[in-house]
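Trainee: Below are the sequence and a predicted model for it; my questions follow.
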Amino acid sequence: MENAIEVSGLRKSYGDYEAVRGIDFTVRRGEVFGLLGPNGAGKTTTVEILEGYRARGEGDVAVLGFDPEQRPRAMRERVGIVLQSTGIYRHVTVREVLEHFGSLYPAPRAVDEVIGLVGLTGKEDQRARRLSGGQLRRLDLALALVGDPELIFLDEPTTGFDPAARHAAWDTIRSLKALGKTVLLTTHYLDEAQELADRVAIIKDGRIIVEGSPTELGAASGPYRIAYRADNGDGTFVVHETDDPTALLHELTERALASGTRLEGLSVTRPTLEDVYLELTADA
Amino acid sequence: MREPSLAGMIWRQYRLERRMFWRNPSAAFFNFLLPLLFLALFGAVFSAHQKDLNVIVPGIAGMSVVSTTFTALAYNMTFLREQGILKRIRGTPMPSGAYLGGIALSAVTNTIIQVGIVTVAGKLFFGVDWPRDWGELVVYVAVGVVCFAGLGVAFSHAIPNFESTAAYVNAVFLPLIFVSGVFYDSAKAPRFLRDIAEALPLVHVIDGLSGAMVKGTGLGHNAPGLGVVVLWGAAGLWLAARGFSWESRRN
């Protein structure tokens, strides 16, 4: 079995509202796949169908080769889930709750190792009700990892985090990839998808509008952009667009050296995933 | 690499529930101290009247059955659902039955402890002797537990959010215990109140407990009453299973 997740022609309606309108994608084993899109795009509905929480409307779905709608125990033993918002028992300690959840799996990961992995070292004996919001979110991740799953669903794992906490969470997610785990990540943060995902699908109004690696998606959409501050002193930038930045740079720098100007603020950029994302989701 | 056994999972969930119960002071208070407080207060009021004490002790025992199962489970299931804990559990390999079994066993443990405390207090302080018919006591506690546990879980489906749980639960619990003769002999109540009470399960549970603890009338004396409790229990279990939702309706 090559792919961790296979989705084809997936549709789901709530009453008259069609939340997912024909989605196809595959997630390969060992990759981090990002579902990126604005709120209400259909990300969570898609993921909850894959997790076995919702029945699909139409289409075919396989998670580790299982039909998630049947919620087979063998699938649940190999999948870890971080939901968008879930509570946990208030009166148990971090270690107790991890030991308890670990005991539900055939081959759990050592509790101390999981605590270290998510960065809760030192909080082992803290009761959940005394943890901060960010620490609770790390506990969510720890609970998803304690069964040592092959596939991990992360539904907006860093929403509401401060920048330092986000970077710490990103490090943890990178270490999952290093452990050989497959990760399906949903996010509405572009930088998160760009930082973490091997491949990204941008989803909007229940459809995937573009799919590829973050760099491919950026590169596919336009030429290089070379900018520098104009000589006239009013702070405006001169911007050139080109498919051959080497030649243009050579020409520009040669001219600048010859005339003794400095090309202040020189930059060479490609359209980022953000540019693509904003362009694709703009006409809302 | 062995799958954890069902019995092992029920046991571990049960132990976790017990630990959480004792660590939550308000739960422990409402489950143990409140009925004892009622017993002490009414015991003091009726201290010279053994006939009234003979009513109040099984009455409080019956109330304990309701508060440890119906009230506790309606609260717990609403909390667990609204907090998303049920949804989280649903994503783990634990079978639903193991999870709910652990919670139910914990509730039953509270019932047993509390009925035990009331029985001992009845003997020590209120001139009610040890139960005359242990078999009848066990049967009525068991049937009462299943009935009110099922109704408690079923009722939790009707509670829209955790903030309103107290209002919903007390709107049922308080009228139920008053009409069912927890604090007085229901035979002395006005006819229409008695008719209402007879249609509900608690009065029959108390009647059975009274028969077991005080009168020694034997299991057969209120078979129709036992039937009413069983019918309510069956309806409760059916509704509990049918309306069960693993997540909050808000999303």
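Mentor: That came in fine, so what should we check first?

Trainee: Only C-alpha atoms from now on, for both contacts and neighbour counts.
Mentor: OK.

Trainee: Now do the closest residue in space to residue A:249 that isn't next to it in sequence against residue A:266, distance only.
Mentor: Spatial nearest neighbour of residue A:249, excluding adjacent residues (Cα to Cα, 6 or more residues apart in numbering or on different chains): residue A:226 at 8.0 Å. Per Cα to Cα, to the nearest Å, residue A:226 is found 7 Å from residue A:266.

Trainee: For the closest residue to chain A within the stretch 101-250 of chain B, which residues are in contact?
Mentor: Across the stretch 101-250 of chain B, no residue is closer to chain A than residue B:246, which sits at 9.1 Å (Cα to the nearest Cα). Going by Cα atoms under 8 Å, 6 or more residues apart in numbering or on different chains, residue B:246 touches B:81, B:84, B:86, B:87, B:90.

Trainee: and it, that's in a strand?
Mentor: No. Applying DSSP: H, G, I helix; E, B strand; the rest coil, one finds residue B:246 to be coil, outside a strand.

Trainee: ok, back up a step: can you narrow the contacts of residue B:246 to ones near chain A?
Mentor: Counting by Cα under 8 Å from any Cα of the partner chain, B:84, B:87 from these sit close to chain A.

Trainee: Nearest to chain A among the contacts of residue B:246?
Mentor: Chain A lies nearest to residue B:84 out of those, by Cα to the nearest Cα, at 4.5 Å.

Trainee: Just give me the neighbour total for the closest residue to that closest one other than its chain neighbours.
Mentor: Once flanking residues are discounted, residue B:84 sits nearest to residue A:86: 4.5 Å by Cα to Cα, 6+ apart. Using other Cα atoms under 10 Å in any protein chain shown, residue A:86 has 19 neighbouring residues.

Trainee: Residue A:86 against residue B:85, yeah?
Mentor: Yes. Shown here, residue A:86 and residue B:85 form a contact pair, counting by Cα atoms under 8 Å, at 6.2 Å.

Trainee: check contacts around the residue nearest to residue B:84.
Mentor: A:140, B:83, B:84, B:85, B:87, B:88.

Trainee: okay if I get the residues you listed as a markdown table plus distance to residue B:127, secondary structure and pLDDT?
Mentor: Shown next, in a markdown table, are these (distance: Cα to Cα, whole Å; DSSP: H, G, I helix; E, B strand; the rest coil; pLDDT from 0 to 100):
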| residue | distance to residue B:127 | secondary structure | pLDDT |
| --- | --- | --- | --- |
| A:140 | 54 | helix | 93 |
| B:83 | 46 | helix | 90 |
| B:84 | 48 | coil | 91 |
| B:85 | 46 | helix | 93 |
| B:87 | 49 | helix | 93 |
| B:88 | 50 | helix | 93 |
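
Trainee: out of the residues you listed, who's nearest residue B:139?
Mentor: Of all the contacts of residue A:86, the one sitting nearest residue B:139 is residue B:85; the distance, using Cα to Cα, is 33.3 Å.

Trainee: any idea how far residue B:78 is from that closest one?
Mentor: With distances taken as Cα to Cα, residue B:85 is found 10 Å from residue B:78.

Trainee: Compare those two and say which is more crowded by neighbours.
Mentor: More crowded of residue B:85 and residue B:78, by other Cα under 10 Å: residue B:78, with 27 against 19.

Trainee: thought the more buried one was touching residue B:154?
Mentor: No. Between residue B:78 and residue B:154 there is no contact, the gap being 10.5 Å when judged by Cα under 8 Å.

Trainee: For the helix or strand hosting residue B:106, buried residues please.
Mentor: Using DSSP states H and E, residue B:106 maps to helix B:96-125. Buried residues in helix B:96-125, counted by 16 or more other Cα atoms under 10 Å in any protein chain shown: B:98-108, B:110-112, B:114-115, B:117-122.

Trainee: tell me what that helix is packed against?
Mentor: With contacts taken as 3 or more Cα pairs under 8 Å, 6 or more residues apart in numbering or on different chains; DSSP states H and E, helix B:96-125 sits against helix B:6-23, helix B:50-66, helix B:134-156.

Trainee: hey, which of those helices is tucked in deepest?
Mentor: Among these, helix B:50-66 has the highest mean neighbour count (mean count of other Cα atoms under 10 Å in any protein chain shown), at a mean of 25.

Trainee: Next, report how far it is displaced from the centre of its chain.
Mentor: 14 Å (Cα atoms, centre = their mean, to the nearest Å).

Trainee: What of stretch B:21-31?
Mentor: Centroid separation for stretch B:21-31 versus its chain: 15 Å, with Cα atoms, centre = their mean.

Trainee: try stretch B:147-161
Mentor: With Cα atoms, centre = their mean as the basis, stretch B:147-161 stands 12 Å off its chain's centre.

Trainee: which residues sit against that stretch?
Mentor: If you take Cα under 8 Å, 6+ apart as the criterion, stretch B:147-161 is touched by B:65-66, B:69-75, B:77-78, B:82, B:104, B:165, B:168, B:229-230, B:232-241, B:243-245, B:249.

Trainee: Pull the contacting residues for the closest residue to residue A:88 other than its chain neighbours.
Mentor: Closest residue to residue A:88 apart from its sequence neighbours, by Cα to Cα, 6+ apart: residue B:85 at 5.6 Å. Going by Cα under 8 Å, 6+ apart, residue B:85 touches A:86, A:87, A:88, A:89.

Trainee: tell me the strands in the stretch 151-284 of chain A, going along the chain?
Mentor: Remark: strands assigned in the stretch 151-284 of chain A by DSSP state E, counting those that start in this stretch are A:151-155, A:182-187, A:199-204, A:207-212, A:224-229, A:237-242, A:267-269.

Trainee: Check which helices and strands the first one sits against.
Mentor: The elements that strand A:151-155 packs onto, with contact taken as 3+ Cα pairs under 8 Å, 6+ apart, are helix A:43-51, strand A:79-82, strand A:182-187.

Trainee: The fifth one now?
Mentor: Under the contact criterion of 3+ Cα pairs under 8 Å, 6+ apart, the helices and strands touching strand A:224-229 comprise strand A:237-242, helix A:245-259, strand A:267-269.
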